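>>> 3D model of this:
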Amino acid sequence: MCEAFGPNPALQPTAAAMLVKDARRERRGPRSTMNQDDTFRIILLLGLLIVLPIGVYHRLKSQATGEKLDRRQEGVFMLITLRAAGVVSWLGTMAYLVNPSWMAWSSVALPEWLRWTGVVLFVMAGGLLIWTFRSLGKNLTDTVVTRREHTLVITGPYAFVRHPFYDTGILGIVAIFLITANWFILLMGAVVMVLLIVRTKTEEHNLLARFGDSYREYMKRTGRFLPRIG
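Alright, predicted model coming up:
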């Protein structure tokens, strides 16, 4: 009677079948992660292909006069470290875009919803960047030196903060970190931003020397990176 009501061996999964199922589960996890990386890689690539040409356009437009800028005013340390960190940061991002597995050694586990939040932040950073480019116009430089025909811009995002480019950079770095889920990209981006923030002291010194009381009054109305409340 016990044998009649006991488990039927024919209905029990064989050891081989269980091993096959376990192997399928193991394969499904990494493959799902790779599919996610492919999706976010394509999104990031498309975003950069939209934003970067706009930046190049405004950069070339600002250099139409052919004026030479003395970048040595930044100091040797800043010149070397800032550009070296920028190159390494871009190389890490480009490696991810070409093949995410190349940067797997510094990947972190982030939930998918958080990575999509990064996409939203990236769109916001792109919008702020374009707004800043349009507001700054031909005053755009990539150093602390002002141009001969530099004007004091206090409209657009400059009506709220004195350095919206840096806000854009911080927002973009956080966004790219969330999209790529990669701590090395975040680290190198953070190094670049810290150096840029330190450099703003020299930049504001030059602006004070150029615009005097007008810039002092502007500083009273606005924050360096965040809007001044009250």
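>>> pLDDT below threshold where in the chain?
In the predicted model, the chain carries pLDDT under 70 at residues 1-34, 230.
>>> not counting sequence-adjacent ones, nearest residue to the residue minimising distance to the centre of it?
By Cα atoms, centre = their mean, the chain has its centre lying nearest to I173, at 2.5 Å. Nearest-residue entry for I173: G189, 3.5 Å, with adjacent residues in sequence omitted and distances by Cβ to Cβ, 6 or more residues apart in numbering. Quick note: C-beta positions are derived from backbone N, CA and C, even for glycine.
>>> from what I see, that neighbour and L178 are in contact.
No. Assessed by Cβ atoms under 8 Å, G189 is found out of contact with L178, at 11.7 Å.
>>> neighbour count: these two, which is higher?
Taking neighbours as other Cβ atoms under 10 Å, G189 and L178 compare with G189 leading, 24 against 21.
>>> other SSEs contacting the one helix or strand that one maps to?
Using DSSP states H and E, G189 sits within helix 183-211. Judged by 3 or more Cβ pairs under 8 Å, 6 or more residues apart in numbering; DSSP states H and E, the packing partners of helix 183-211 are helix 76-98, helix 164-180, helix 213-221.
>>> just name the most buried of those helices.
Sort the helices and strands packed on helix 183-211 by mean neighbour count, taking mean count of other Cβ atoms under 10 Å, and helix 164-180 sits at the top with a mean of 21.
>>> give the buried residues for stretch 152-166.
Buried residues in stretch 152-166, counted by 16 or more other Cβ atoms under 10 Å: 153-154, 156-158, 161-166.
>>> and these, which is closest to L82?
Y166 (12.8 Å; Cβ to Cβ).
>>> so what's the closest one up against?
193, 196-197, 200, 225 (Cβ atoms under 8 Å, 6 or more residues apart in numbering).
>>> ok, the residue nearest to I173 - contacts?
G189 is in contact with 89, 169, 172-173, 176-177, counting by Cβ under 8 Å, 6+ apart.
>>> identify the farthest-apart pair in these.
Top of the distance list for the contacts of G189 (Cβ to Cβ): G169 and F177, 12.5 Å.
>>> I am finished for the moment; much appreciated.
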